[in-house]
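Engineer: pasting the sequence and the predicted coordinates here, then a few questions.
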Amino acid sequence: MKKGTNAYRPRINWKKEARLLPGYLIVVLWVVFTAVMLFWILGASLSTSREIFSGHVLKFESGLHWENYATAWQVQNVSVFFGNSLLYSVISCAGVLAISAPAAYVLSRWKFRGGAALRIGLVVAMSVPIIMVIMPIYSLAVQWGIKGRLLLILLYIMMRVPYTTIYLLDFFSTLSRSYEEAAYLDGCSGPKTFLKIMLPLVQPAVVTVTIFNFMSVWNEFFMALIFTSSESMTPVGVGLLNIINSMKYTGNYGGMFAAVIIVFLPTFLLYIFMSEKIIAGVTGGGVKG
Amino acid sequence: MRKNKAMIFWFCLPAVLSLLIMFVYPVCRTVLMSFFRVESLTAGLGDWSFFGLGNYSKIFSSQSFRTAMSNMVVIWLVGGLITLALALLMSVVLTSGIRGKKFFRAAIYMPNIISAVALATMWIQYIFQYDYGLLNAIVTTLGMEKVKWLGSDMKFWTMTASFIFGSVGYYMLIYISGIEGIPQDLYEAATLDGASKVQQFFRLTLPLLKGVIKTSITFWSINATTFFLWSKMFSPIDTEESTIVPVIYLYDMVFGGKGVVNRDAGAGAAVGVVLTLLIIAVYVITNRLFKKTDLEY
């Protein structure tokens, strides 16, 4: 069997590879630089401040300092920031889906008054800069007395509705209408058809769009900076900024790098496992020439 | 299939409400507010007094706003040229048939996935760091004096460079999907006609990518005008002349930064409107420039 598989492997064409050498050089340099940066940060997160300053990172002469992670997690409040970000991301993802999936479904299925306007409104909203909405949102929140965690979650949900709806709409449009015809003949109601038959059919798209929503909320910074008034509701991005700003007083560099790794890890791990899906999603939804 | 009006209504209602609350109402109010004298954000409509173009003349006569605008334009133009050129280069390399394409593509896009705060921290606390940073380690190995990469004269460019590093991957993905959409037989025909790889790039790839390039310019313009996070990271506590951009100016003006005695929400709204008009202008101009030669394949 081994011989058989070998025969199918394309032989390396050295002439062709040599011609591509400049190209290899460019991308390899870029990726090596990225890797050096990540490994150094990882090394620094396991080193003492003195080792970092004397340039002895990645030698680990005094062992691996896992206590940096414990310090970051407990003393520097990263556990609180992490919990908040997780809470915001998970609830927002679910909330967006609950709002966007039904709208995307009916928009893709029927023509009705206001449907076209809603569609255009959603597309335009996707490119409205956040600075155009942040000020009235702030006064509205004060006026309605909504604040803290609830406010951020509501804002994150509404912020992601246009993108999510348009993304799902494209996928619902590709489904055949025969599913609904059959369901109708079997006496299945409209909403039930949507929930039991149509929604499961677009599950791959739901997964992709949820990954994007998760990363977007996890990495969100501007609204978090404006609307968090205490440490207890701060998500990771703003929390990390606070840690860096207090570095002057704590001087704990190892702890800071550990915090960077903790903040960096969730979306990075998600990416390691789902990079194909994520990359396909970037250019799949709405980006057309 | 029967049209169920009640179902359509209830299925759309939450999305419509989100759109109205999060986008339509705020945009209208921001535009209106830019023509009024409004000191506090929470002031009701009754406390607004008509100010005409007063807010606009106020921001344009402010030295820090003009600095912010010129910084932004440099980021947009210089940063944009470098980012899009690098992205184009990477996309051409990755579609040239090299091995490990998927790995390289994923690795170069990776900075877009992680928290930008974490990424900026890596640059500031490692690459550009004075005592133990990567660049100064290289500089000392070469036998030269250490450089203050984060000093006020270098800060703008180091900030822009790290922003570019984080952005290239996204535009690269857009270009790759554009290049992969070009039928392969066009290249075969060009090779048969004796066109070199370089000729093929300029005569074939580039013209056929026009639509994608147009899209990428619009996206870049939105990113450059709403530039905020990197500036905040490079000057975390006090706003500095070297890194100030319009959104930082707006943030200080409306939400209170150091050195801002009188908050002014009206002026902040005017900044928002000016930036939005700029984005629309770039969109319209690129559409005009790229429209005439729409190619079909």
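Structural biologist: Thanks, I have it. Numbers count the residues shown, from 1 in each chain, chains lettered A, B, ... in the order given.
Engineer: list the buried residues for stretch A:221-238?
Structural biologist: A:221-228, A:233-238 (16 or more other CB atoms under 10 Å in any protein chain shown). For the C-beta atoms, the positions are set from N, CA and C on the backbone; glycine is no exception.
Engineer: and it with chain B, contact?
Structural biologist: Yes: Stretch A:221-238 is in contact with chain B by CB under 8 Å from any CB of the partner chain, via A:221-222, A:225-226, A:236-238.
Engineer: pLDDT weak spots in chain B?
Structural biologist: B:1-2, B:257-260, B:292-297 (pLDDT under 70).
Engineer: tell me where it has strands.
Structural biologist: Using DSSP state E, the strands of chain B run over B:36-37, B:49-50.
Engineer: parallel or antiparallel, list what pairs with the last one.
Structural biologist: Using DSSP bridges, strand B:49-50 pairs in its sheet with strand B:36-37 (antiparallel).
Engineer: tell me which of the residues of stretch A:221-238 next to chain B fall in helices.
Structural biologist: A:222, A:225-226, A:236-238 (DSSP state H).
Engineer: please tell me how far the residue of the stretch 101-250 of chain B at minimum distance from chain A sits from B:V93.
Structural biologist: Residue nearest to chain A within the stretch 101-250 of chain B (CB to the nearest CB): B:G211, separated by 2.9 Å. Taking CB to CB, to the nearest Å as the measure, B:G211 falls 21 Å from B:V93.
Engineer: now swap in B:A269 and tell me
Structural biologist: 45 Å.
Engineer: does chain A sit close to stretch B:69-76?
Structural biologist: No: using CB under 8 Å from any CB, stretch B:69-76 stays clear of chain A, with a minimum separation of 12.4 Å.
Engineer: just the buried positions in that stretch, please.
Structural biologist: B:69, B:71-72, B:75-76.
Engineer: ok, the residues you listed vs chain A, which is closest?
Structural biologist: Ranked by distance to chain A (CB to the nearest CB), the buried residues of stretch B:69-76 are led by B:M72 at 12.4 Å.
Engineer: state the distance from the closest one to B:E240.
Structural biologist: Per CB to CB, B:M72 is found 15 Å from B:E240.
Engineer: now A:G55
Structural biologist: Going from A:G55 to B:E240 by CB to CB gives 29 Å.
Engineer: with A:G23 instead?
Structural biologist: A:G23 is 39 Å from B:E240, by CB to CB.
Engineer: between the two, which is the more surrounded one?
Structural biologist: Ranked by neighbour count (other CB atoms under 10 Å in any protein chain shown), A:G23 and B:E240 place A:G23 first, with 19 against 15.
Engineer: find the residue at the geometric middle of chain B.
Structural biologist: Nearest to the mean C-alpha position of chain B, by CA atoms, centre = their mean, lies B:N223 at 1.5 Å.
Engineer: give me the contact list for stretch A:270-284.
Structural biologist: A:207-209, A:211-212, A:214-215, B:102, B:105-106, B:109-110, B:113-114, B:170, B:173-174, B:176-177 (CB atoms under 8 Å, 6 or more residues apart in numbering or on different chains).
Engineer: can you check stretch A:60-75 too?
Structural biologist: A:43, A:45-48, A:51, A:78-79, A:243, A:252, A:254-259, A:261-262.
Engineer: list, out of these, those positioned next to chain B.
Structural biologist: Counting by CB under 8 Å from any CB, A:256-257 from those sit close to chain B.
Engineer: still on that earlier bit, show me which of B:A269 and B:V93 is the more surrounded one.
Structural biologist: B:A269 (28 against 22).
Engineer: lowest confidence element among the helices and strands of chain A?
Structural biologist: When the helices and strands of chain A are scored by mean pLDDT, DSSP states H and E, helix A:2-8 comes last with a mean of 47.
Engineer: list the helices and strands the helix or strand that comes right after that one packs on?
Structural biologist: Counting by DSSP states H and E, the next helix or strand C-terminal to helix A:2-8 is helix A:14-19. On a contact count with 3 or more CB pairs under 8 Å, 6 or more residues apart in numbering or on different chains; DSSP states H and E, helix A:14-19 meets no helix or strand.
Engineer: what mean pLDDT does the next helix or strand after helix A:14-19 have?
Structural biologist: Next in sequence after helix A:14-19, counting helices and strands by DSSP H and E, comes helix A:21-44. Per-region confidence: helix A:21-44 scores 92 on mean pLDDT.
Engineer: and helix A:21-44, how far out from the chain middle?
Structural biologist: The gap between where helix A:21-44 is centred and where its chain is centred comes out at 23 Å by CA atoms, centre = their mean, to the nearest Å.
Engineer: which outside residues touch it?
Structural biologist: By CB under 8 Å, 6+ apart, helix A:21-44 touches A:17, A:52, A:57-58, A:60, A:253-254, A:257, A:260-261, B:89-90, B:92-94, B:96, B:98, B:104, B:107-108, B:110-111, B:122, B:126-127, B:134.
Engineer: in strands, which of the contacts of stretch A:60-75 fall?
Structural biologist: Using DSSP E, no member of the contacts of stretch A:60-75 falls within strands.
Engineer: quick one: buried ones out of the contacts of stretch A:60-75?
Structural biologist: Buried members of the contacts of stretch A:60-75, scored by 16+ other CB under 10 Å, are A:43, A:45-48, A:51, A:78, A:243, A:252, A:254-259, A:261-262.
Engineer: just confirm A:G63 is within a helix.
Structural biologist: No: counting by DSSP: H, G, I helix; E, B strand; the rest coil, A:G63 is not part of a helix but coil.
Engineer: count the residues that sit near it.
Structural biologist: There are 9 residues near A:G63, going by other CB under 10 Å.
Engineer: mind picking the two most distant members of the residues of stretch A:221-238 next to chain B?
Structural biologist: Based on CB to CB, the longest span within these runs between A:I226 and A:V236 and measures 16.1 Å.
Engineer: pretty sure B:T121 sits against A:L240.
Structural biologist: Yes: between B:T121 and A:L240 there is a contact under CB atoms under 8 Å: 6.5 Å.
Engineer: please say which of those two ends up with more neighbours.
Structural biologist: A:L240 (28 against 23).
Engineer: what is the burial count for the residue nearest to that one when sequence neighbours are not counted?
Structural biologist: Spatial nearest neighbour of A:L240, chain neighbours left out: B:V117 (4.9 Å); criterion: CB to CB, 6 or more residues apart in numbering or on different chains. Neighbourhood size, B:V117 [other CB under 10 Å]: 25.
Engineer: repeat for A:S275
Structural biologist: 18.
Engineer: buried residues in whatever helix or strand A:Y105 lives in?
Structural biologist: Using DSSP H and E, the element containing A:Y105 is helix A:78-109. Buried residues in helix A:78-109, counted by 16+ other CB under 10 Å: A:78, A:80-82, A:84-86, A:88-89, A:91-93, A:95-97, A:99-109.
Engineer: contacting residues around the closest residue to B:A118 other than its chain neighbours?
Structural biologist: Computed as CB to CB, 6+ apart, the closest residue to B:A118 that is not its neighbour in sequence is A:F264, at 4.3 Å. Applying CB under 8 Å, 6+ apart, we find A:F264 in contact with B:114-115, B:118-119.
Engineer: can you name the two of those that are farthest apart?
Structural biologist: Among those, B:S115 and B:L119 lie farthest apart (CB to CB), at 6.8 Å.
Engineer: now do the closest residue to B:F104 other than its chain neighbours against B:R99, distance only.
Structural biologist: Excluding its sequence neighbours, the residue lying closest to B:F104 (CB to CB, 6+ apart) is A:V27, at 4.6 Å. Remark: distance between A:V27 and B:R99 (CB to CB) = 11 Å.
Engineer: looking at those two, which one has more neighbours?
Structural biologist: When A:V27 and B:R99 are compared for neighbours, A:V27 comes out ahead with 21 against 11, by other CB under 10 Å.
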